[in-house]
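Colleague: for reference, the sequence and a predicted model appear below.
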Amino acid sequence: MSAIIQGTTPTIKYTFNTVAVADIAVAYLTIKQNGATKIEKALSDATTGDKYIAWTLTQAETLGLSLCSAACQCNWKKSDGTRGASRILNVMVTENYKNEVI
């Protein structure tokens, strides 16, 4: 993903190659702008598959993002206590000419 358009419902998906998603007990998606957390979603908000966790943002959530870079990261903990984190993904937030929830 290279951009998030305000007012849309993008899905942010993390694919796991060496960790079994079924072993993940806790996971969070955190999106920050200018050092402040703008969106945080838990595993209960996600959809999962054998090798991925995906979070879909709401229109209201993306409308709450500023028109600048956003940093996304996934943190997780397996049921055995092992914790991991993804690399930080930087994306641009771009404007929408229909800047409202529809």
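Modeller: Arrived safely, thanks for sending. The model shown is predicted, which means the values in this text are computed figures rather than measured ones.
Colleague: buried set for the strand or helix carrying Tyr14?
Modeller: Assigned by DSSP states H and E, Tyr14 belongs to strand 11-15. Across strand 11-15, burial judged by 16 or more other C-beta atoms under 10 Å covers Ile12, Tyr14. The C-beta positions use only the backbone N, C-alpha and C, and glycine is treated the same way.
Colleague: quick one, what contacts the nearest residue to Leu65 once chain neighbours are set aside?
Modeller: Once flanking residues are discounted, Leu65 sits nearest to Val93: 4.5 Å by C-beta to C-beta, 6 or more residues apart in numbering. By C-beta atoms under 8 Å, 6 or more residues apart in numbering, Val93 lies in contact with Ala3, Ile4, Ile5, Gln6, Gln33, Thr62, Leu65, Ser66, Leu67, Cys68, Ser69, Ala70.
Colleague: and the fourth one, how far is that from Leu89?
Modeller: Spelled out, it's Gln6. Noted for Gln6: a distance of 18 Å to Leu89, by C-beta to C-beta, to the nearest Å.
Colleague: show me which of these two is the more surrounded one.
Modeller: Ranked by neighbour count (other C-beta atoms under 10 Å), Gln6 and Leu89 place Gln6 first, with 20 against 15.
Colleague: could you measure the spatially closest residue to that one that is not a sequence neighbour against Tyr52, distance?
Modeller: Leaving aside its sequence neighbours, Gln6 sits nearest to Asn96 (C-beta to C-beta, 6+ apart; 4.6 Å). Distance check for Asn96 against Tyr52: by C-beta to C-beta, it reads 27 Å.
Colleague: element containing Ile53?
Modeller: Going by DSSP H and E, Ile53 is part of strand 52-56.
Colleague: using CSV, write out every CA atom in the very next helix or strand once past that strand.
Modeller: Per DSSP H and E, the first helix or strand lying C-terminal to strand 52-56 is helix 59-63. Only the C-alpha atoms of helix 59-63 are listed here, as CSV (Å, rounded to 0.1, in the frame of the first residue of the first chain):
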residue,chain,number,x,y,z
GLN,A,59,-14.4,5.9,6.5
ALA,A,60,-14.4,7.9,9.8
GLU,A,61,-11.0,6.6,10.7
THR,A,62,-9.4,7.6,7.4
LEU,A,63,-11.1,11.0,7.6
